[in-house]
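*Asks:* sequence first, then the predicted structure, then my questions.
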Amino acid sequence: MKPEKFHAVVVDRKEQIKAFLDFPSTLYKNDKNWIRPLDGEIEKVFDPSQNHLFKTGDAIRWLLFDSSNNLVGRMAAFYDKIGAEKNEQPTGGIGFFDCINNQEAANILFDHGENWLKDKGMEAMDGPINFGNRDSFWGCLSEGFYEPVFNMPYNFPYYNQLFENYGFKNYFNQYTYKINIENRKPAGAIMERAMRLKRNQGYYFETFNLKRAHKYVGDIIHIFNRGWAEFKGVRKMQKSEARAIIEELTPILDPRAVIFGYHNNEPVGFYVMIPDLNQIIKKFHGKFGLIQKLRLFFDLKILKKPNRLIGIVFGVVPEYHGKGVEAGLVMRMEEEIAKPGFPYKSIEMNWIGDFNPTMMKLVEKIGGEIYKKHITYRYLFDGSKPFKRVNEP
């Protein structure tokens, strides 16, 4: 009997987990732009004690080998019942996909994902996405093959063809805008609106206060659940999630780059940026032990090494759209940038979906230009059903 050209193995042992984490280092060894994510950032996605989505879902991982038992690919599949049901058809996901440039190999991984998700009651799958928040490991890079920022995906150009040849279609685009801080020219109209808002005594904007970090848990929940939870596939944020976000961000954030907006003491918007840790951790090779933690602290807090900010999220609750809150957040950030000693040279505003033209226009008005594009693909298991892009009627 002729041996199979490729075969997949479920990841369930310690040495297989290590192989899953190490494989991209071999695949991208000649690509100077690729940066290995921290192993812990990936592993917490698959740890039920750290990922609340396991309460209403599940995940599985595979390794792909060729006939000579060489590792040639990896992938994960997952679903969350609550998020799945927010789509027209129950939709799961695949992610952490890496593969040699071979359609047959990729198809075997995609087939495993489809079959596993079908068994879980799913009727479609999105990919490559994260089993968690959209701000990490989400999307297939299709334009702007530059060095990735922290926890943003990077891949070879041929990945798009592997997905599309299988039958995946473009569900939405995610744009990364780059703002050159030294050459930025915020539109005059934005600053005028901000000045008008500033004269309204009910509004105020503040930078993150490390001594009152716990206060922002409720503010984040309020803004996020009003501003994002109505989008397809996005579930409401729980208090435990918001608390975890604050606990994770507090040690690494620069308080000057996190702005909250309020109206009559009610949170109405935020503008959250962090230093790009990839400028430091790219030499860690995925590890984050004591030595790496000390190195990170020294480079981040003492040397102020990162010169690039990552825009994680910029949002305003729907009731305050068009009232100038966006302009107020921008102006408060401009005040921080203008102060002596501001160390950053550029901002990369990540994850601006093409389904949010208002946000795209705003970022362009403050000097942003499209720098990268990622694609979130969707594959319907029943090919006879009509495909719809996100928010398409």
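*Replies:* Structure received.
*Asks:* could I get the pLDDT score of Pro186?
*Replies:* If you check Pro186, the pLDDT there is 68.
*Asks:* and the one 5 residues further on, by the same measure?
*Replies:* On pLDDT, Met191 comes in at 80.
*Asks:* give me the element it is part of.
*Replies:* helix 188-198 (DSSP states H and E).
*Asks:* tell me the buried residues in that helix?
*Replies:* By neighbour count with 16 or more other CB atoms under 10 Å, helix 188-198 contains the buried residues 190, 193-194, 197-198. For glycine as for every other residue, the C-beta is placed from the backbone atoms N, C-alpha and C.
*Asks:* also stretch 206-216?
*Replies:* By neighbour count with 16+ other CB under 10 Å, stretch 206-216 contains the buried residues 207-208, 213, 216.
*Asks:* just give the number of residues close to Pro343.
*Replies:* Close neighbours of Pro343, defined as other CB atoms under 10 Å, add up to 15.
*Asks:* ignore what I typed, I meant Glu147.
*Replies:* 15.
*Asks:* and for it, nearest residue in space, chain neighbours not counted?
*Replies:* When the adjacent residues along the chain are set aside, Glu147 lies closest to Asn33, with 4.9 Å between them (CB to CB, 6 or more residues apart in numbering).
*Asks:* assign a three-state SS to that neighbour, would you?
*Replies:* Recorded secondary structure, Asn33: coil (DSSP: H, G, I helix; E, B strand; the rest coil).
*Asks:* i'd like the first residue to be 13 from this point on
*Replies:* In the new count, where the first residue is 13, that last one comes out as Asn45.
*Asks:* what's the local residue count around it?
*Replies:* Neighbour number of Asn45 under other CB under 10 Å is 10.
*Asks:* am I right that it is in contact with Gly156?
*Replies:* No - the pair Asn45 / Gly156 is not scored as a contact, 10.3 Å apart, by CB atoms under 8 Å.
*Asks:* read off the pLDDT value for the residue positioned nearest the centre of the chain.
*Replies:* Central residue of the chain (CA atoms, centre = their mean): Asp147, 2.1 Å from the mean position. Reported pLDDT at Asp147 in the predicted model: 86.
*Asks:* helices along this protein, start to end?
*Replies:* Assigned by DSSP state H, the helices in the chain fall at 26-39, 51-55, 93-96, 115-131, 171-178, 200-210, 228-239, 251-261, 290-293, 302-309, 337-349, 369-377.
*Asks:* Gly107: how many residues sit nearby?
*Replies:* Counted with other CB under 10 Å, residues neighbouring Gly107 total 24.
*Asks:* if I look at it, how far off is Ile378?
*Replies:* Distance, Gly107 to Ile378, using CB to CB, to the nearest Å: 31 Å.
*Asks:* domain map for this structure?
*Replies:* With domains defined by automatic domain parsing, the chain comprises 18-186+388-392, 195-356.
*Asks:* can I get these in a markdown table including distance to Gly365?
*Replies:* Formatted as a markdown table, these follow (distance: least, CB to CB, whole Å):
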| stretch | distance to Gly365 |
| --- | --- |
| domain 18-186+388-392 | 5 |
| domain 195-356 | 8 |
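*Asks:* which of the ones you listed sits most buried?
*Replies:* Neighbour counts (mean count of other CB atoms under 10 Å) averaged over each of these peak at domain 18-186+388-392, with a mean of 18.
*Asks:* for that one, the distance to its chain's centre please.
*Replies:* Between the centre of domain 18-186+388-392 and the centre of its chain there are 14 Å (CA atoms, centre = their mean, to the nearest Å).
*Asks:* start and end of that domain, how far apart?
*Replies:* 25 Å (CA to CA, to the nearest Å).
*Asks:* which one of the buried residues of helix 200-210 is nearest Arg73?
*Replies:* Ile202 (45.2 Å; CB to CB).
*Asks:* out of the buried residues of stretch 218-228, which is nearest to Gln101?
*Replies:* Using CB to CB, those come closest to Gln101 at Tyr228, 36.3 Å.
*Asks:* wait, the closest one touches Ile271, no?
*Replies:* No - at 11.3 Å, Tyr228 does not count as touching Ile271 under the criterion of CB under 8 Å.
*Asks:* what sits in contact with each of those two?
*Replies:* With contacts taken as CB atoms under 8 Å, 6 or more residues apart in numbering, Tyr228 and Ile271 have Phe220 as neighbours in common.
*Asks:* so what pairs up with the closest residue to Tyr171 other than its chain neighbours in the strands?
*Replies:* Computed as CB to CB, 6+ apart, the closest residue to Tyr171 that is not its neighbour in sequence is Cys152, at 5.4 Å. Bridge pairing for Cys152 (DSSP bridges) gives the partners Ile387.
*Asks:* need the contact list for Cys152.
*Replies:* Contacts of Cys152 by CB under 8 Å, 6+ apart are 139-140, 165, 167, 171-172, 175, 386-389.
*Asks:* tell me the contacts of the closest residue to Pro279 other than its chain neighbours?
*Replies:* For Pro279, ignoring the flanking residues on the chain, the nearest one in space by CB to CB, 6+ apart is Asp231 at 3.9 Å. Contacts for Asp231 (CB under 8 Å, 6+ apart) come out as 272, 279, 282.
*Asks:* how close does Asp231 sit to Ile258?
*Replies:* 10 Å.
*Asks:* now swap in Thr388 and tell me
*Replies:* For Thr388, the distance to Ile258 - CB to CB - is 27 Å.
*Asks:* same check on Phe354?
*Replies:* Applying CB to CB, the value for Phe354 to Ile258 is 24 Å.
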